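Participant: Let me see the structure of the following:
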Amino acid sequence: MFIDEAKIYIEAGDGGDGAVSFRREKYVPAGGPDGGDGGKGGDIVFVADESKRTLIDFQYKKYFKAERGENGSGVNRTGKSGKDLIIKVPPGTLIKDEATGIIIADLKNPGDSFVAAKGGIGGKGNQHFATPARQAPKFAKKGEAGEKKWILIELKLLADVGLIGYPNVGKSTLLSRVSSAKPKIADYPFTTVTPNLGVVNLDPENSFVIADIPGLIEGAHTGAGLGDEFLKHIERTKILIHVIDIAALEGRNPVDDFNAINKELADYDAKLMEKPQIIAANKIDLPESEKHLESFINFMESKGYKVFPISAATGKGVSELIQYTGEMLKNLPEVKLIDETEKETVYKIKEEKPPYTIKIENGIYFVEGEAIKRILNSINFNNYESVNYFQRVMKKIGLENDLKKMGIKEGDTVKIYDVEFEYIE
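Facilitator: Residues are numbered from 1 along each chain as shown. Below you'll find the predicted structure:
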């Protein structure tokens, strides 16, 4: 089964909690704090793996969670970091943020990797909170929560050459002729319902990947004939070989076929029309081809296209077509799906200023923001000293002053996510 799209939920590991501990040594009746830090949570890492061909692994498993960091312990022992969760995907996989649809990674080549969700930082042990005035702190910080989100995964086949054309024109037969691929071939529309890849070996140092792109008929860009599901695979190709049934066995005109398929490409993405096209006028072994071949070649060459009369069934003319294609590929650049400006937009992380927002609803002051959420998640609200520490941090970042500016009064309620406070002057 060929699966090329998936939606999954990823959750990096939480950081381990810092420890509250004090030295207990012989002849040291009042040892200082020695609580160790919590370990970092594991990351969610995607890696492009050559052994993967589809996204079928994500059809049944939708939730992925990395290991939590271990808690710190006494004698200044730092907890063990959680293991990263490695998720293998095929080369050619795009990873998108589900909320925005923005591409956050393009794992094009084998071995490419991307950290999609970072594990939480481990909490600090109580040794970090000792001061001259507070020599025995009885609190530590909790580990930060790991990043979590829904993401979209989309596979775009990595092929140098794409075979396009109506169903039943001989694309699959041509693929099987020039490579070791063994697609199912039959004489009825929509024979190929999944893309097929094959490697063409011209010589020991010259080979390329060719893909049979199925589902192209009129209306493909709107979903007819599964076309919208497979048109995206053309985006990565460098050259298109447009296979035409020159014998017109389906009762269509070869020129009309050419124009109709190209209209679908243009309607899906106008940039596809910028790709070089080589025309393979197939089925010249059939007597019906004589009626159309000469006029078709003259018309297409007047438009600037190179036409190769071939018979995929017998192999006639196929070698010339493939050799010409191989020579063209040597002079074409790699296809980029993400330009440099888009990469800057995707990967540049800006600090929040201020690190929170405040809004008032029904007399309640709601405070939100990623930075303040991280602080909140690191606090143990069952510990008096930890709560005091939280209050000092809130004052330090300016939250108390901002609340006063918005008119807060003693007794009013402040809600920071799931935690409610009563404001006291």
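
Participant: Just the buried residues of stretch 89-98, please?
Facilitator: Under the neighbour-count criterion of 16 or more other CB atoms under 10 Å, stretch 89-98 has 89-97 buried. In this view, the C-beta of every residue, glycine as well, is placed from N, C-alpha and C.

Participant: can you pull out the helices in the stretch 301-425 of the chain?
Facilitator: 318-329, 340-347, 370-377, 384-396, 399-405 (DSSP state H, counting those that start in this stretch).

Participant: for those, which one sits closest to residue 82?
Facilitator: Judged by CB to CB, the one of these that comes nearest to residue 82 is helix 370-377, at 15.9 Å.

Participant: so how far is that closest one from its chain's centroid?
Facilitator: In terms of CA atoms, centre = their mean, to the nearest Å, the centre of helix 370-377 is set 27 Å apart from its chain centre.

Participant: Helix 384-396 and that one, what's the angle between them?
Facilitator: For helix 370-377 against helix 384-396, the angle by axes from the mean of the first three to the mean of the last three CA atoms, to 10 degrees is 160 degrees.

Participant: For helix 370-377, output the C-alpha coordinates as PDB.
Facilitator: Extracted C-alpha coordinates of helix 370-377, given in PDB (Å, rounded to 0.1, in the frame of the first residue of the first chain):
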ATOM      1  CA  GLU A 370       5.000  30.200  26.200                       C
ATOM      2  CA  ALA A 371       7.800  31.700  28.400                       C
ATOM      3  CA  ILE A 372       5.500  32.000  31.400                       C
ATOM      4  CA  LYS A 373       4.100  28.600  30.800                       C
ATOM      5  CA  ARG A 374       7.600  27.100  31.000                       C
ATOM      6  CA  ILE A 375       8.100  28.900  34.400                       C
ATOM      7  CA  LEU A 376       4.800  27.700  35.600                       C
ATOM      8  CA  ASN A 377       5.500  24.100  34.800                       C
END
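
Participant: Worst mean pLDDT among the helices of the stretch 301-425 of the chain?
Facilitator: Of all the helices of the stretch 301-425 of the chain, mean pLDDT reaches its minimum on helix 340-347 (a mean of 38).

Participant: what sits opposite the spatially most central residue of the chain in the beta ladder?
Facilitator: Central residue of the chain (CA atoms, centre = their mean): residue 95, 0.6 Å from the mean position. Counting by DSSP bridges, residue 95 is bridged to residue 105, residue 153.

Participant: now residue 22
Facilitator: Beta-bridge partners, per DSSP bridges, of residue 22: residue 33.

Participant: coming back round to it: what's the closest of the buried residues of stretch 89-98 to residue 167?
Facilitator: residue 92 (24.1 Å).

Participant: Can you give me the distance of the closest residue to residue 7 other than its chain neighbours to residue 211?
Facilitator: Once flanking residues are discounted, residue 7 sits nearest to residue 152: 5.5 Å by CB to CB, 6 or more residues apart in numbering. Distance of residue 152 to residue 211, given as CB to CB, to the nearest Å: 22 Å.

Participant: quick one, which of the two is more surrounded?
Facilitator: More crowded of residue 152 and residue 211, by other CB atoms under 10 Å: residue 211, with 25 against 17.
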